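Asks: Structural data only, the sequence is not supplied:
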């Protein structure tokens, strides 16, 4: 569970978000939409604890949170690392990775298959396309078995088929694994299974009720 109580955030005395009240209950699928520059990523960074609110408080009970950013790059791209080596790094969130350990290897192969990159496991990440890199990041986030996954426009660089598979995976994680999802998207169609959809605009957060729509800007 995550609860924002009267949260505001300013940067160099300039208000970015003001007086936010928001609840995310365990197992929910939360969609977040809004124009570019409205503060969506700032909201996510507040939830993750990367930023601290200027006012108000944030209460979190989720102990295992994974984050997938909107950038198509990976910070490790200068390393001569394979896909499975990068994904295995996600195991170190909870315990040291033992690459020859049967349980960890089974988890690794399962995640690679689930995200559609099993056949890429021995490829260097420097050889991948933007969409393939995003899948690697998602696999790395999943392998630690998080209770909450935060996705900030993770479909960047993906073709239509990959995007469709990503949405199916996200819905499956929520419905079948009961993982809480917070998903920033510019596509309302991606959020049809969301329990709640929030619009970030004009420094505030407003829930879109049934029948309301939003056109990305």
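Replies: Cool, got the structure. Just so it is clear, the structure is predicted and the values come from calculations on it, not from any experiment.
Asks: what are the ranges of the strands in this structure?
Replies: Secondary structure of the chain, counting by DSSP state E: strands at 2-11, 14-24, 29-33, 55-60, 65-68, 148-152, 180-184, 196-201, 204-208.
Asks: Output those strands as CSV; include the columns distance to residue 49, mean pLDDT and mean neighbour count.
Replies: All C-beta atoms are positioned from the backbone trio N, CA, C, and that covers glycine. Below are the strands of the chain laid out as CSV (distance: least, C-beta to C-beta, whole Å; pLDDT from 0 to 100; neighbours: other C-beta atoms under 10 Å):
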stretch, distance to residue 49, mean pLDDT, mean neighbour count
strand 2-11, 11, 94, 17
strand 14-24, 14, 93, 17
strand 29-33, 17, 96, 24
strand 55-60, 8, 94, 14
strand 65-68, 9, 90, 20
strand 148-152, 11, 93, 24
strand 180-184, 14, 95, 23
strand 196-201, 18, 95, 20
strand 204-208, 18, 93, 16
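Asks: For residue 69, give me its contacts.
Replies: 137, 152, 154 (C-beta atoms under 8 Å, 6 or more residues apart in numbering).
Asks: wait, the first one sits on residue 68?
Replies: Which is residue 137. Yes. Counting by C-beta atoms under 8 Å, a contact exists between residue 137 and residue 68, whose distance comes to 5.2 Å.
Asks: hey, what's in contact with both of these two?
Replies: Where contact means C-beta under 8 Å, 6+ apart, the residues bridging residue 137 and residue 68 through contact with each are residue 154.
Asks: about what we covered before: which one of the contacts of residue 69 sits closest to residue 5?
Replies: Nearest to residue 5 among the contacts of residue 69 is residue 152, at 23.0 Å by C-beta to C-beta.
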